[in-house]
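Trainee: Just need the structure, nothing else, for what follows:
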Amino acid sequence: MSDARTPAQIEADIVRRREQLAETLDEIGVRVHPKTIVGDAKAKVASQVDQAKGRAMDTVQRTVADVRAKFVGEDGSPRLERLLPVAAVVVGVVGLLALSSRKHKG
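Mentor: As a prediction, the model looks like this:
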């Protein structure tokens, strides 16, 4: 039994390989096209921004919950022993700013 191929078989293989090569070149052309590269980069950046935004939101929510727990009791009532000193500091800072602005004007 001979493994020799006929000229028609060889020609059919050449045609098939040419078609495969053309498909491969087309795929490479799409991958390296500037629009594809820009689109891929945009998608990657958007994904990273979404992830960062999600982490930031989680951090903000935890921080707000921590601050709330310090100034509001479990029953929802304000913790005056913690709010009054903070309010006094805020009033003091506002007073100092008001005095400072009067000195600069007059």
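Trainee: Quick one: mean pLDDT over stretch 82-93.
Mentor: Per-residue pLDDT over stretch 82-93 has a mean of 92.
Trainee: Contacts for that stretch, please.
Mentor: Taking C-beta atoms under 8 Å, 6 or more residues apart in numbering as the criterion, the residues outside stretch 82-93 that touch it are 70-71. C-betas here are computed from N, CA, C, even on glycine.
Trainee: Could you export it as CSV, CA atoms only?
Mentor: The C-alpha coordinates for stretch 82-93 follow below in CSV (Å, rounded to 0.1, in the frame of the first residue of the first chain):
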residue,chain,number,x,y,z
ARG,A,82,-20.1,62.2,72.6
LEU,A,83,-22.1,64.8,70.6
LEU,A,84,-21.7,67.7,73.1
PRO,A,85,-17.9,67.8,73.0
VAL,A,86,-17.9,67.6,69.2
ALA,A,87,-20.5,70.4,69.1
ALA,A,88,-18.4,72.5,71.4
VAL,A,89,-15.3,72.1,69.3
VAL,A,90,-17.3,73.0,66.1
VAL,A,91,-18.7,76.2,67.8
GLY,A,92,-15.2,77.1,69.0
VAL,A,93,-13.7,76.7,65.5
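Trainee: So for it, what gets flagged as buried?
Mentor: Of the residues in stretch 82-93, none has enough neighbours to count as buried (16 or more other C-beta atoms under 10 Å).
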